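Asker: Take a look and give me a structure for this.
(chains A, B, C and D)
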There are 2 protein chains.
Amino acid sequence: MPAAQQPKTSAKGLETRERIVDVAVRFIARNGARGTSLADIAAEAGVSQTGLLYHFRSKEALLNAVLDRHLAFSEEWLWGDGPDPGIKIVDIVARHMASWPSQHDDKVYSLLGMNTVVLGENVSPDTDLHPRLVEGYRTTIDRVTATLRSAQQRGEIRDDIDPRLKAMEIIAYCYGLEAAWLVDPTIPVADAAAQWAAQQTTQMASS
Amino acid sequence: MPAAQQPKTSAKGLETRERIVDVAVRFIARNGARGTSLADIAAEAGVSQTGLLYHFRSKEALLNAVLDRHLAFSEEWLWGDGPDPGIKIVDIVARHMASWPSQHDDKVYSLLGMNTVVLGENVSPDTDLHPRLVEGYRTTIDRVTATLRSAQQRGEIRDDIDPRLKAMEIIAYCYGLEAAWLVDPTIPVADAAAQWAAQQTTQMASS
DNA sequence: CCAAAACTACCGACTACTCAGTCAGTTGTC
DNA sequence: GACAACTGACTGAGTAGTCGGTAGTTTTGG
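Answerer: Down below sits the predicted model:
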């Protein structure tokens, strides 16, 4: 369920709205939604707070638009590489991780920040974004599971591995390394990812 | 640097202070420090907000006391089992994970929540708790690294594994599964942990 | 073809409320 | 009676959101 928006919009309005969401993503990825005021976002986006609230009827509506953007970018970044990588999914993941340090301050940084910071803020089931985060998590699990399962059926992956549990493991690892790198950007993510990918590949491969 | 406290304290005062920290940990583990007001904590702890501020001169001081408590409990829970488990550290970790579901609403839940929620809130380097979180992360890494390295020297673990990178991997996995379980308590953490531990053990063991 | 009406995209001023923190006391205990 | 352990009333700085208005653009009807 994407965020409800005003019915009619001109090209100019759409542009402003995009600009606001851009700014909001950057702010929220660093300081969280609770740590970011509408005034902050409005000032950076070059509109008044009232102007912002014309485009998004409430902070929650803006938050949902921000999450829409995040999920779309996430999707594109992770799965835009082509169809069904099979067991090579661990290499793809590792390659993505290795690219983090060079993308500090970029869209990718915001992507990771959104995961860690917004998830932390919405752990409690009665928070605004919690249902959508759970849904997003489950969708990702399902996708990775499907990839692993078909690789298993093709004989690329050992039979005694449960694809769903393995998917959970891969995602947990990504998420954890992400969080660690965000709080301490000096850690060698590329090296860690490389060792992890190599070991995962040999361990999962059918003998 | 632990939180500075008032110089003199009676038994009663100490008891109240403990009660306040107890309540604060529970609240903050669910809603974060930014999502928890001093009034909330004070009410639940059975003192006025002014009374709370008598014991902790500011919210930040309380937060540091909360983090003290968290780190101490974390320490006890993770390393209280005895000296140097060697390669069995993965089993210990997995056993801990398997116990999560039965401890919902308990101190352990708060422990996990503190990790995920407070970390998310303090990703940005200019937040109050960020330096202490980085320090805590590095300490844990060092400890796990030391355990793995000595196991490697004893010949329990293959030589081509880098203990530090492996430690990062283990911690990242724990952290990620923790976060996933917090947002979605229906996921089978025990099964995931069991498969993970089994595979880690066979993969790490010297042949 | 053009003026009036309607609508989009804003803005400044304001409101109601929440929050951390202060101050000037009061109570209870060694 | 000194000091620790409080409390109620208050303050000032935010905060999300409302209201009434205006400039510019688009639509409509004669």
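Asker: What is the neighbour count of A:Pro131?
Answerer: Number of residues near A:Pro131 (other Cβ atoms under 10 Å in any protein chain shown) recorded here: 12. Every C-beta, even on glycine, is put in place using the N, C-alpha and C of the backbone.
Asker: any idea which helix or strand carries it?
Answerer: helix A:130-153 (DSSP states H and E).
Asker: Centre of the chain to that helix, how far?
Answerer: Mean-position distance between helix A:130-153 and its chain equals 14 Å (Cα atoms, centre = their mean, to the nearest Å).
Asker: Is that helix in proximity to chain B?
Answerer: Yes: legend: contact between helix A:130-153 and chain B by Cβ under 8 Å from any Cβ of the partner chain is shown at A:130, A:133-134, A:137-138.
Asker: Not counting sequence-adjacent ones, nearest residue to the one residue in chain A that gets nearest to chain B?
Answerer: Chain B sits closest to A:Gly120 of chain A, with a gap of 2.0 Å, by Cβ to the nearest Cβ. Sequence neighbours aside, B:Gly120 is the residue nearest to A:Gly120 in space, at 2.0 Å (criterion: Cβ to Cβ, 6 or more residues apart in numbering or on different chains).
Asker: swap in A:Arg143?
Answerer: Nearest one to A:Arg143, counting by Cβ to Cβ, 6+ apart, is A:Trp79 at 7.3 Å.
Asker: Wait, that neighbour touches A:Ala146, no?
Answerer: No: the pair A:Trp79 and A:Ala146 fails to qualify as a contact (Cβ atoms under 8 Å) at a distance of 11.5 Å.
Asker: Next, A:Ile157: phi, psi?
Answerer: phi -120, psi 140 (degrees, to the nearest 10).
Asker: Burial check on A:Leu177, number of neighbours?
Answerer: 26.
Asker: That one looks like it's in a helix, true?
Answerer: Yes: A:Leu177 sits within a helix when classified using DSSP: H, G, I helix; E, B strand; the rest coil.
Asker: Look up the pLDDT of it for me, please.
Answerer: With respect to pLDDT, A:Leu177 has a value of 98.
Asker: In contact with the residue nearest to it when sequence neighbours are not counted: list those residues for me.
Answerer: Residue nearest to A:Leu177 in three dimensions, not counting chain neighbours: B:Ala172, with 4.2 Å by Cβ to Cβ, 6+ apart. By Cβ atoms under 8 Å, 6 or more residues apart in numbering or on different chains, B:Ala172 lies in contact with A:172-173, A:175-177, A:179-180, A:192.
Asker: Top of the residues you listed by number of neighbours, please.
Answerer: When neighbours are taken as other Cβ under 10 Å, the top entry among these is A:Ala179 (29 neighbours).
Asker: got the contact list for that one?
Answerer: Counting by Cβ under 8 Å, 6+ apart, A:Ala179 makes contact with A:116, B:119-120, B:123, B:172, B:175-176, B:179.
Asker: coming back round to it: between the contacts of B:Ala172, which sits nearest A:Phe27?
Answerer: A:Ala179 (18.9 Å; Cβ to Cβ).
Asker: Next secondary structure element downstream of the one helix or strand in chain A whose mean pLDDT sits lowest?
Answerer: Within chain A, no helix or strand scores below helix A:107-113, which has a mean of 91 by mean pLDDT, DSSP states H and E. Remark: after helix A:107-113, the chain's next helix or strand is helix A:119-121, criterion DSSP H and E.
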